[in-house]
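Asks: from the sequence below, what's the structure:
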Amino acid sequence: MRTYLECIGCLVKQAVEIAQTNLSNESREDFIREVLGGLSRFTYSDSPPILAKNMYSMVRTITGIHDPYADIKAFYNRKALEMYPYLKKIILSSKDPVDTALRIAVAGNIIDFGSGTKESIKIENTIQTALDTAFSIDHLDRLREKLKTATSILYLGDNAGEIVFDRLFIEELGAHKVTFVTRAVPIINDVTKEDARQVGLTDVCRVVSSGSEAPGTPLELCTDEFCDIYYSADLVISKGQGNFETLTDPKRSVFFLMMVKCAVISREVGVPVGSFIAMQRP
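Replies: Residues are numbered from 1 along each chain as shown. Sure thing, here's the model as predicted:
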């Protein structure tokens, strides 16, 4: 997906938050100048996560901090883990555990610092809404058909905290079939192997890195090992907007599970902001 004008405001907002949170007064102005300079040279045919990759690489270089969001990610990992037993009971007592677990996993997509603020995240309310609300794009019947025969499932993760809800869904899918995918390095609150370890996901299923240092999965930035798994898997499930923005290969069918959290994605998929979608492309 290409970058639109609205994406620029979102990226600048992220840059300002990064500067205020992580940089000294002396470094902030230089960092913002570099970001704005990068925006002026950016190729808009590229997706927004490509620019975000460059921006967070600058932060690591300037500050020497490998994971600026480590503490807040750990907080949401713990918060989600506290909810795990209660949510597990809901799933196991439901008439359709796979459907219930999928809805909870999609609700977890609300934990996203790239498109929203930490103060606005209301996990419990979002879970209840996802359980009670029809999806605005609903290709769940297609997904069910795929699940009947799939023996290898590639599951592309998105955010820390959210991955606890992914774990619940993966356990219903059959964890032995699943390879869960993380980012190669910390970027925003996107999931890394360390986050997967914190929530016990590494004990549940196979976990690999895509090799991507962007908050998405642009195949040109991924490892050959990941691409081999991506194209050979019986089924690919992708969580979140960043993965949606970067996965555009018409050769590979992907099921996208996410909340629509901005006007750009709303236009792209044709449903209102706040919608839940389970969409197969192509």
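Asks: now do the helices in the protein.
Replies: Per DSSP state H, the chain carries helices over the ranges 5-22, 25-41, 48-63, 70-93, 97-107, 123-132, 140-149, 162-173, 193-198, 224-232, 241-246, 263-269.
Asks: redo these as TSV? Include mean pLDDT.
Replies: TSV is the format used below for the helices of the chain (pLDDT from 0 to 100):
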stretch	mean pLDDT
helix 5-22	86
helix 25-41	86
helix 48-63	85
helix 70-93	96
helix 97-107	97
helix 123-132	93
helix 140-149	97
helix 162-173	98
helix 193-198	97
helix 224-232	98
helix 241-246	97
helix 263-269	96
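Asks: and residue 252, which of those is closest to it?
Replies: helix 224-232 (6.3 Å; Cβ to Cβ). Bear in mind the C-beta positions are built from the backbone N, C-alpha and C, glycine included.
Asks: in that closest one, what's buried?
Replies: For helix 224-232, a neighbour-count test (16 or more other Cβ atoms under 10 Å) marks 226, 227, 229, 230 as buried.
Asks: of the helices of the chain, flag the one that's most buried.
Replies: Of all the helices of the chain, helix 241-246 has the most neighbours on average by mean count of other Cβ atoms under 10 Å, namely a mean of 27.
Asks: return that one as PDB; C-alpha atoms alone will do.
Replies: What follows is helix 241-246, C-alpha atoms only, in PDB (Å, rounded to 0.1, in the frame of the first residue of the first chain):
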ATOM      1  CA  GLN A 241      -2.500  -2.700   9.800                       C
ATOM      2  CA  GLY A 242       1.300  -2.700   9.400                       C
ATOM      3  CA  ASN A 243       1.300  -6.100   7.900                       C
ATOM      4  CA  PHE A 244      -1.700  -5.200   5.700                       C
ATOM      5  CA  GLU A 245       0.100  -2.100   4.500                       C
ATOM      6  CA  THR A 246       3.200  -4.000   3.400                       C
END
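Asks: show me what it is packed against.
Replies: When contacts are defined as 3 or more Cβ pairs under 8 Å, 6 or more residues apart in numbering; DSSP states H and E, helix 241-246 packs onto helix 48-63, strand 254-259, helix 263-269.
Asks: make a markdown table from these and add distance to residue 17 to it.
Replies: What follows is those, written out as a markdown table (distance: least, Cβ to Cβ, whole Å):
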| stretch | distance to residue 17 |
| --- | --- |
| helix 48-63 | 11 |
| strand 254-259 | 21 |
| helix 263-269 | 19 |
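Asks: compare these and give me the one nearest residue 208.
Replies: Comparing the helices and strands packed on helix 241-246 by their distance to residue 208 (Cβ to Cβ), the top pick is strand 254-259, with 16.9 Å.
Asks: one step back: out of the helices and strands packed on helix 241-246, flag the one nearest residue 160.
Replies: helix 48-63 (14.7 Å).
Asks: residue 138 touches residue 275, doesn't it?
Replies: No: the pair residue 138 / residue 275 is not scored as a contact, 10.5 Å apart, by Cβ atoms under 8 Å.
Asks: find the nearest non-adjacent residue to residue 108, please.
Replies: Distance criterion Cβ to Cβ, 6 or more residues apart in numbering; nearest residue to residue 108, sequence neighbours excluded, is residue 165 at 3.2 Å.
Asks: residue contacts, that neighbour?
Replies: 80, 87, 104, 105, 107, 108 (Cβ atoms under 8 Å, 6 or more residues apart in numbering).
Asks: go with 6 Å
Replies: Neighbour list for residue 165: 104, 105, 108 [criterion: Cβ atoms under 6 Å, 6 or more residues apart in numbering].
Asks: how's this structure carved up into domains?
Replies: Per automatic domain parsing, the domain ranges recorded for the chain read 5-63, 76-281.
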